[in-house]
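> dropping a prediction and its sequence here:
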Protein chains: 2
Amino acid sequence: MQQLQGFKILVVDDEPHIVQFLEFGLENEGFEVRTAFDGMSAIAAAKEFQPHVVILDVMMPGMDGFEVCKMLKKTENVAVIMLTAKDEVDDRVKGLTLGADDYVIKPFSFEELLARIYARIRNQFPNLFGEVVVGPFQIDDRRKEIKFDGRVLELSPTEYGLLHFLVLNHGLVLSKAVILDKVWGYDFGGDENIVEVYIRSLRDKLQDKDRQFIKTVRGAGYRVDL
Amino acid sequence: MQQLQGFKILVVDDEPHIVQFLEFGLENEGFEVRTAFDGMSAIAAAKEFQPHVVILDVMMPGMDGFEVCKMLKKTENVAVIMLTAKDEVDDRVKGLTLGADDYVIKPFSFEELLARIYARIRNQFPNLFGEVVVGPFQIDDRRKEIKFDGRVLELSPTEYGLLHFLVLNHGLVLSKAVILDKVWGYDFGGDENIVEVYIRSLRDKLQDKDRQFIKTVRGAGYRVDL
DNA sequence: CCGAATTTTCAACAAATCTTCAGTTTTTTT
DNA sequence: AAAAAAACTGAAGATTTGTTGAAAATTCGG
């Protein structure tokens, strides 16, 4: 799963094997990882490290996973994923009411844990991830969707690319040459008229008569104003 | 509490306040909630909605909670939790003989109700627990089984792998290249068309005409929406 | 080794999208 | 006011992409 990251994960478990395994795997995946081996230090580490996700073993000496989860949820804005053994099914109920966000049952596949982590990050920090909000536009590049005033626009791939580019560069005048270059690619052979054609179809889909988001700057290009 | 989704709850009470409160809270918990305000419509709703749990007020105009419970238990496979006022203690006895599974005495804390609900689900649908639940999908990776709306899908190994991957990464657009890479392996030599072929067979088996879980995002890939 | 299930390839088809083009309108220049 | 330049527009044709049925190749249990 390729993605620009910088997401931080705290792994808490008293079994060094597991911690090492996860640390290695997650770092390899591009996360910044810190570890802790018991509840107390986990909480301290969370305060200092400010992770986005905490992976927390239920069974630990001293303060158990539930306690830690409860405390974390109270003070920090993190997603908590718990690791629980198969036969501790009851823990599920207990933990869910204590605010854990998700569960993975041991033994688990790394792929599965990874998928959960991404799901959690997406859920908890939608803004940090592919989702960009600019004025009335909401661009979710991971879904390949753009919402306008809350409604999903039905766009063809090129329309999507063009609107994405325009909105992300709102306020600037973008010449047809630049647009062609950035959206169609440097090696596009055809005429600049195709930009005009696509601008029109975007205007249609935005019903841009009244608000005029896409302004044409004669002789220079187009500019999106919000 | 994303991952515990797929459970459906029907809330029946003639007091709109309570219904609204529960609806909001339970949806926030990740349940799929439907409501009814009297016995008759509750039974109709249960038939259609097929909830896992029914939360049922004892005191209602027309058919009372006991009647409804009796009828539900006769025809549907659901857990029934009754809401009963403090001074209707006798109701407790009455209800037990009529097949209700649990009681919550008004006024109750939401936390308490929640714990009861989870307990009920665990009890009534033990097989559903311990595995990954995402929307209407229940993935049991150990058994290599996926249930959809409670029914086991008959999948070939590749179909299983593909659906597993898609569901675990729901919400994201997954390109054929990525799918090929993750499901078939980085060294698969063949054409991307094979992904299309398998998508079709999954759609067939999901009877995906109406609900369209697997959306094709033209030019980009496929995305599972729940 | 055989037969069934599964995987993979292939080609025809359908549909969405892209691109071009020419005629029209709008704006600017002379 | 006429001419020129730039942008707009609708539609047709070309191209790309996805869907589908079926055949060929492969795998796997017995």
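Received, thanks.
> use CA for all of it now, contacts and neighbours both
Fine.
> next up, the contacts around A:Tyr160.
Residues near A:Tyr160 by CA atoms under 8 Å, 6 or more residues apart in numbering or on different chains: A:Lys144, A:Glu145, A:Ile146.
> now swap in A:Leu163 and tell me
A:Leu163 neighbours (CA under 8 Å, 6+ apart): A:Leu202.
> how far away is it from B:Leu162?
For A:Leu163, the distance to B:Leu162 equals 32 Å [CA to CA, to the nearest Å].
> could you do A:Leu202 as well?
In this view, A:Leu202 and B:Leu162 are 35 Å apart by CA to CA.
> same thing with A:Val19?
Distance, A:Val19 to B:Leu162, using CA to CA: 29 Å.
> looking at the contacts of A:Tyr160, spot the one nearest chain B.
A:Lys144 (6.8 Å; CA to the nearest CA).
> tell me the SS of A:Ile55?
What DSSP: H, G, I helix; E, B strand; the rest coil gives for A:Ile55 is strand.
> hey, where'd the strands end up in chain A?
Ranges of strands within chain A are A:8-12, A:32-36, A:53-57, A:79-85, A:102-106, A:131-134, A:137-140, A:145-148, A:151-152, A:173-174, A:214-217, A:221-224, based on DSSP state E.
> comparing these by mean pLDDT, which bottoms out?
Ranked by mean pLDDT, the strands of chain A bottom out at strand A:102-106, with a mean of 66.
> so where is chain A shaky, pLDDT-wise?
Applying pLDDT under 70 to chain A flags residues A:1-6, A:28, A:85-109, A:111, A:122-130, A:208-209.
> show me the helices in it, by range?
Per DSSP state H, chain A has helices spanning A:16-28, A:39-49, A:65-75, A:89-97, A:110-124, A:157-168, A:176-179, A:193-206. These are given in chain order.
> just to revisit the earlier point, and of the strands of chain A, who's closest to B:Arg116?
Closest to B:Arg116 of those, according to CA to CA: strand A:102-106, at 19.2 Å.
> neighbour-wise, which one of the contacts of A:Tyr160 leads?
Sorting these by how many neighbours each has (other CA atoms under 10 Å in any protein chain shown) puts A:Ile146 first, at 23 neighbours.
> can you give me the distance of that residue to DNA strand C?
14 Å (CA to the nearest atom of the strand, to the nearest Å).
> report the contact partners of that residue.
A:Phe137, A:Gln138, A:Ile139, A:Asp140, A:Val152, A:Leu153, A:Tyr160, A:His164.
> of those, which is the nearest to DNA strand C?
For the contacts of A:Ile146, the minimum distance to DNA strand C (CA to the nearest atom of the strand) is 8.0 Å, reached by A:Tyr160.
> now for the contacts of A:Ile146, which pair is the farthest apart?
Across the contacts of A:Ile146 (CA to CA), the longest gap, 13.4 Å, separates A:Val152 and A:His164.
> these two: who's more crowded?
A:His164 (21 against 13).
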